[in-house]
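Trainee: pasting the structure only:
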C-alpha cells in the first residue's frame, strides 16, 4: 500500500468543522486528492460507546451514516455519524446519499444550536470490517476518534466515530488559545 499521511487536527478548527466535509477540506488543504463514498445509511443497534454518548441504552436503534474516505486513492478513514432515531428518524439525516450543504446546516435547520463537543482517541487493533475496508496490512492498527456533540440545551445531537488507519495519519493537537501554561 502506498504511504499516505493525512493530518487530522484536534480539536477541529471551526471553519473546517462547518465545511461541507471535514475530510475533503482537510485533505485538499494538504494537497491530497480526496475522495469519499457512502457505505451505509440506515438503522442499526448502538454499541456501548455510541449509546453512552447519545444517552440511550446499548442496542437501541440509531440512524447510522457510514462512509469511506480516500486520499490519493488509498483508503484512510471510515467515518460513521450516529443520530438518535427518536430525534432524527424520518428527517433528511436518515435519507441515503450525502446531506447538502452539510450535516451541520441540517442540524441547525432542525432547531439544534451547537453547545459543546468532546473528542477522544483510542488506538487499537482493527476488527475484520475495518481491516478489510481500509485494506490494512497484518498487524496494522487503527486510531478511533470519537466526537460527541451536544446542543446548547445539552441534547446529544451527533456522534461521529472516525476509524483512521494509524500508519496513514498524523494527529496535530492544538492547545486552546488563551489557556496555555508551562
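Mentor: In hand now; what should we look at? Predicted model only: the values in this text are computed from it and were never measured.
Trainee: Sketch out the low-pLDDT regions of the protein for me.
Mentor: 1-5, 7-21, 175-182 (pLDDT under 70).
Trainee: Nearest the geometric middle of this protein, what residue?
Mentor: Closest to where the C-alpha atoms of the chain average out (C-alpha atoms, centre = their mean) is residue 160, at 3.6 Å.
Trainee: Skipping adjacent residues, who's closest to residue 135 in space?
Mentor: Once flanking residues are discounted, residue 135 sits nearest to residue 75: 5.5 Å by C-beta to C-beta, 6 or more residues apart in numbering. No exception for glycine: its C-beta is placed from N, CA and C like everyone else's.
Trainee: Look up how far residue 147 lies from that neighbour.
Mentor: 20 Å (C-beta to C-beta, to the nearest Å).
Trainee: Could you do residue 72 as well?
Mentor: 25 Å.
Trainee: Looking at the two now, which is surrounded by more residues?
Mentor: residue 147 (21 against 15; other C-beta atoms under 10 Å).
Trainee: Check which helix or strand that one maps to.
Mentor: Using DSSP states H and E, residue 147 sits in strand 142-151.
Trainee: Tell me the first helix or strand C-terminal of that strand.
Mentor: Strand 142-151 is succeeded, C-terminally, by strand 156-165 (DSSP H and E).
Trainee: Within the sheet, what are the partner strands of that following strand, with directions?
Mentor: Its sheet considered, strand 156-165 pairs with strand 74-84 (antiparallel), strand 142-151 (antiparallel) by DSSP bridges.
Trainee: Now do the shortest one: everything it contacts.
Mentor: Looking back up the chat, that one is strand 142-151. 8, 10, 12, 49, 53-54, 112-126, 130, 134, 136, 156-166, 169, 171 (C-beta atoms under 8 Å, 6 or more residues apart in numbering).
Trainee: What's opposite residue 172 in the beta bridge?
Mentor: Under the criterion used (DSSP bridges), residue 172 bridges to residue 9.
Trainee: SS state for residue 87?
Mentor: The three-state assignment at residue 87 reads helix, by DSSP: H, G, I helix; E, B strand; the rest coil.
Trainee: do the same with residue 106
Mentor: helix.
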